[in-house]
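Chemist: Dropping the sequence and predicted coords here.
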Amino acid sequence: MSATAAAPRLLAARRRRLGVLAALLAAVAVALVLSVTVGSKPVPLADAWHALTAPTGAENDVVIRSLRLPRTALGVLAGLALGVAGALMQGHTRNPLADPGLLGVTQGAAFAMVASILVLGVSTLPGYIWFGLAGALLASVAVFALGMAGGRGGPTPVTLALAGTAVSAFLYALTSTLVLLDEQAMDVFRFWQAGSVSGRGADVVWQVLPFVAAGLVLAMVNAPGLNALSLGEDVARGLGQNLALTRAVGVAAVTLLSGAAVAACGSLAFVGLIVPHLARPLSGTDHRWLLPYSGLIGVALLLLADVVGRVVAPPGELEVGVVLALLGAPFFVVMVRRGKPVRL
């Protein structure tokens, strides 16, 4: 096919992708509005806008600015981070069932947070966050190092999966031992394990923002190399790709993104696993589009799940991690049974 004949198809595909991107941005905007206005105390849209633009200290202003806004902002960061990290992880491991936790970030964060309580006496959420981030980073480094052992050209998808499983199991055993020794550590671990964006202030949002931003930059830098890897390692080498560097950048991006989200919000099941499967039919295999689509779908999914958790069991609420598990598990089963096997 000549370049002249292919140009209209390429232009149509680009317009379609931009249209999908606009639709996803609209879905995120709706989720943002619902997240700010819906809850145990409903706030009219006009009052929410007034609280954001010209607050006077009224009750609705306090609810919006002190509670709903930080919660929504953290939901945006966590959904964006986990959606992109899930797409990266499935692409690098060529495994449609892979999620960011495969690198050990979840158990690494959990162990570090529990250890900080038991050993150092840390008793505030902002303090837990830093230890959770450090634990997630160290666990990923350990997985990557084990995956590289004895191999040439960097870790392979198989060695990464095996190393991640081993490190996660080891850290889970250590964490379980520690929580049995201290009641406070047990309480924090149980709340964190459920997964939540509530009860976090703006300080937590600012703490995780730089890590998420850096991870997103690395993810987009990694997208062309990941496209080459999807053609096969031999083809990628022929195209001049440095496989070890490409995988290292991908692992760094996954670690920063999922480590920040997990440390701040706990274990948010199924976001990193399901979101790429929802984005792939819209974007195709091009990771330059798959990654932003996954991020936006992750934001919309997490915020809407949080809204459902607020209203499903009044006057209390369900943590967003519980809602995601309740909605995600059957959805994923149906998707697998009705859909064709995904090949990456």
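Modeler: Thanks, I have it.
Chemist: wait, doesn't residue 144 sit right on residue 251?
Modeler: Yes. The criterion here is CB atoms under 8 Å, and residue 144 meets it with residue 251 at 5.2 Å. In this view, the C-beta of every residue, glycine as well, is placed from N, C-alpha and C.
Chemist: Quickly list what's touching both of the two.
Modeler: Applying CB atoms under 8 Å, 6 or more residues apart in numbering, one finds that residue 144 and residue 251 are jointly contacted by 103, 160.
Chemist: where does stretch 176-191 sit relative to the chain's centre, distance-wise?
Modeler: Put simply, stretch 176-191 sits 24 Å off its chain's centre (CA atoms, centre = their mean, to the nearest Å).
Chemist: swap that for stretch 236-250, sorry
Modeler: 24 Å.
Chemist: Mean pLDDT per element in this protein, and the minimum belongs to which helix or strand?
Modeler: helix 183-194 (a mean of 76; mean pLDDT, DSSP states H and E).
Chemist: quick check: mean pLDDT across the next helix or strand after that helix?
Modeler: Downstream of helix 183-194, the first helix or strand assigned by DSSP states H and E is helix 202-229. Helix 202-229 comes out with an average pLDDT of 92.
Chemist: What residues sit buried inside helix 202-229?
Modeler: 204-205, 207-208, 211-212, 215-216, 218-219, 222-223, 225-229 (16 or more other CB atoms under 10 Å).
Chemist: Do a quick rundown of the helices in the protein.
Modeler: Taking DSSP state H as the test, the helices found in the chain are 3-37, 45-53, 59-62, 69-93, 105-120, 125-148, 157-179, 183-194, 202-229, 233-238, 243-265, 271-283, 287-311, 320-338.
Chemist: Reformat these as CSV; add distance to residue 99.
Modeler: Below are those laid out as CSV (distance: least, CB to CB, whole Å):
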stretch, distance to residue 99
helix 3-37, 21
helix 45-53, 34
helix 59-62, 37
helix 69-93, 6
helix 105-120, 9
helix 125-148, 14
helix 157-179, 10
helix 183-194, 16
helix 202-229, 15
helix 233-238, 23
helix 243-265, 9
helix 271-283, 4
helix 287-311, 12
helix 320-338, 11
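Chemist: Go through these and pick out the most buried.
Modeler: Among the helices of the chain, helix 69-93 has the highest mean neighbour count (mean count of other CB atoms under 10 Å), at a mean of 28.
Chemist: which helices and strands does it pack with?
Modeler: On a contact count with 3 or more CB pairs under 8 Å, 6 or more residues apart in numbering; DSSP states H and E, helix 69-93 meets helix 3-37, helix 157-179, helix 202-229, helix 243-265, helix 271-283, helix 287-311.
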